[in-house]
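> I'll drop the sequence and a predicted model, then ask my questions.
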Amino acid sequence: MYDIIIVGAGPAGLTAALYALRANKKVLVLEAKTYGGQIINAHKIDNYPGMKGVSGFELATNLYNQVKELGVEYRTEEVIGIEEDKTVVTQKNKYNAKAIILATGAENRKLGLENEHKYIGRGVSYCATCDGNFYKGKTVAVAGGGNTALEDAIYLANIAEKVYLIHRRDEFRGEAKYVDELKTKENVEFVLNSNVIKINGDSKIESLEVQDKEGKIRTIETNALFIAIGQEPRNEIFKNLINIDRYGYIESEDGVHTNQQGIYVAGDARVKTLRQLVTAMSDGAIAADTAIKEEE
């Protein structure tokens, strides 16, 4: 019997583990892949307070080592479900806990380009507010047509010299007010009815190949590609027990409690307005503190 089982070893999960361990709780962290979550791919982080320039790998590794030193039990096992008695089921074992914190995160949807992963941190980004400032005064492109893509383009237009907004349809799915604002910006160019089909460059992005619906290919020179086509939370396995919204995010009225007593949520897995490193870690701390107080 564990005091707290944490599902997911990203910033939210590891921070929750840190706080629980410092409260002298018996903690198990279960992670299907590797510690760190999405942040481990960040080449450089400049928006985490007090740690300017740290890499995502360095930050995640430091946090992982910190909880290991405190005696966390960490297992690389994929969770496949939770039973009503707070039994966490993995592909290998079953574990019981007084409290469970779901910190499963969310994955950015990829364009599916052959060499997309190669350029992550070298021009490809899934977070304009995280990485936009690296391209101040440069040329960037945004792929997407929803509110996130439109807001990213507005944000980048105030930083970059030129912004290409690439969307596969002739109309945007996002709100008209954002489209209207972008139309007033002289450094923003809409590239509609088009898809990015290739990224070019040696060690970093130099250009994109974009194909329109008629098959015509255009080369766009750019220093970065911000992909904003949504995220995919990994909460489907909990839907028989936990309330999730139509997009797959865990619902929580106060940002920490789920509809099941003793099961909490933290980080990008939950319904929230801002998914950033700093908010994920804050969520983890709050979830752990709440679980400690309520499950004693």
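Arrived safely.
> drop to CA atoms for contacts and neighbour counts, all remaining ones
Fine.
> neighbours around residue 188, how many?
Neighbourhood size, residue 188 [other Cα atoms under 10 Å]: 21.
> Equivalent analysis for residue 181, please.
By other Cα under 10 Å, the residues close to residue 181 number 12.
> ok, and the closest non-adjacent residue to it?
Among residues not flanking residue 181 along the chain, residue 154 sits closest, at 7.7 Å (Cα to Cα, 6 or more residues apart in numbering).
> Quick one: residues contacting residue 41.
Residues near residue 41 by Cα atoms under 8 Å, 6 or more residues apart in numbering: 56, 57, 120, 121.
> Identify the farthest-apart pair in those residues.
Using Cα to Cα, the pair of the contacts of residue 41 lying farthest apart is 57 and 120, separated by 13.0 Å.
> what touches both of those two?
Taking Cα under 8 Å, 6+ apart as the contact rule, residue 57 and residue 120 both touch 41, 42.
> Of the contacts of residue 41 - the most surrounded one?
With neighbours taken as other Cα under 10 Å, the top of those is residue 56, carrying 21 neighbours.
> So residue 282 sits against residue 14, correct?
No. Shown here, residue 282 and residue 14 do not form a contact pair, counting by Cα atoms under 8 Å, at 11.1 Å.
> Let me see the ranges of the helices in the stretch 51-200 of the chain.
Assigned by DSSP state H, counting those that start in this stretch, the helices in the stretch 51-200 of the chain fall at 56-69, 128-131, 147-157, 176-183.
> so of those helices, which one's packed in deepest?
The highest mean neighbour count among the helices of the stretch 51-200 of the chain, using mean count of other Cα atoms under 10 Å, belongs to helix 147-157: a mean of 23.
> how about whichever strand in the chain runs longest: buried residues?
For the chain, the strand with the greatest residue count under DSSP state E is strand 94-102. The neighbour-count check on strand 94-102 (16 or more other Cα atoms under 10 Å) flags 96, 97, 98, 99, 100, 101, 102 as buried.
> do stretch 231-238 as well
Residues of stretch 231-238 classed as buried by neighbour count (16+ other Cα under 10 Å): 231, 232, 233, 234, 235, 238.
> Turn the buried residues of strand 94-102 into JSON lines, including pLDDT.
As requested, the buried residues of strand 94-102 are exported to JSON lines (pLDDT from 0 to 100):
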{"residue": "96", "pLDDT": "97"}
{"residue": "97", "pLDDT": "96"}
{"residue": "98", "pLDDT": "96"}
{"residue": "99", "pLDDT": "97"}
{"residue": "100", "pLDDT": "98"}
{"residue": "101", "pLDDT": "98"}
{"residue": "102", "pLDDT": "98"}
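> can you put those in CSV and add distance to residue 82?
Output for the buried residues of strand 94-102, formatted as CSV (distance: Cα to Cα, whole Å):
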residue, distance to residue 82
96, 10
97, 11
98, 13
99, 12
100, 9
101, 11
102, 10
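> All the strands of the stretch 101-250 of the chain, in order from the start?
Ranges of strands in the stretch 101-250 of the chain, per DSSP state E, counting those that start in this stretch, are 106-108, 124-125, 139-143, 162-166, 188-191, 194-200, 207-212, 217-221, 224-227, 231-233.
> Can I get these in TSV including distance to residue 89?
Converted to TSV, these look like this (distance: least, Cα to Cα, whole Å):
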stretch	distance to residue 89
strand 106-108	20
strand 124-125	34
strand 139-143	38
strand 162-166	42
strand 188-191	47
strand 194-200	40
strand 207-212	44
strand 217-221	48
strand 224-227	34
strand 231-233	19
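> closest one to residue 287 among the ones you listed?
Nearest to residue 287 among these is strand 106-108 (17.5 Å), distances taken as Cα to Cα.
> so what's residue 56 scoring on pLDDT?
Listed pLDDT for residue 56 reads 87.
> again, but for residue 43
69.
> just to revisit the earlier point, what about residue 282 and residue 14, which has more around it?
Applying other Cα under 10 Å to residue 282 and residue 14 shows that residue 14 carries more neighbours, namely 30 against 17.
> Quick check: which element contains the more buried one?
Using DSSP states H and E, residue 14 maps to helix 11-22.
> residues making contact with that helix?
Residues contacting helix 11-22 (Cα under 8 Å, 6+ apart): 4, 6-8, 26-27, 29, 36-37, 39, 60, 63-64, 66-67, 70-72, 101-104, 266-267, 277, 280-289, 292.
> out of those residues, which are buried?
Buried among those by 16+ other Cα under 10 Å: 4, 6-8, 26-27, 29, 36-37, 39, 60, 63-64, 66-67, 71-72, 101-104, 266-267, 277, 280-288, 292.
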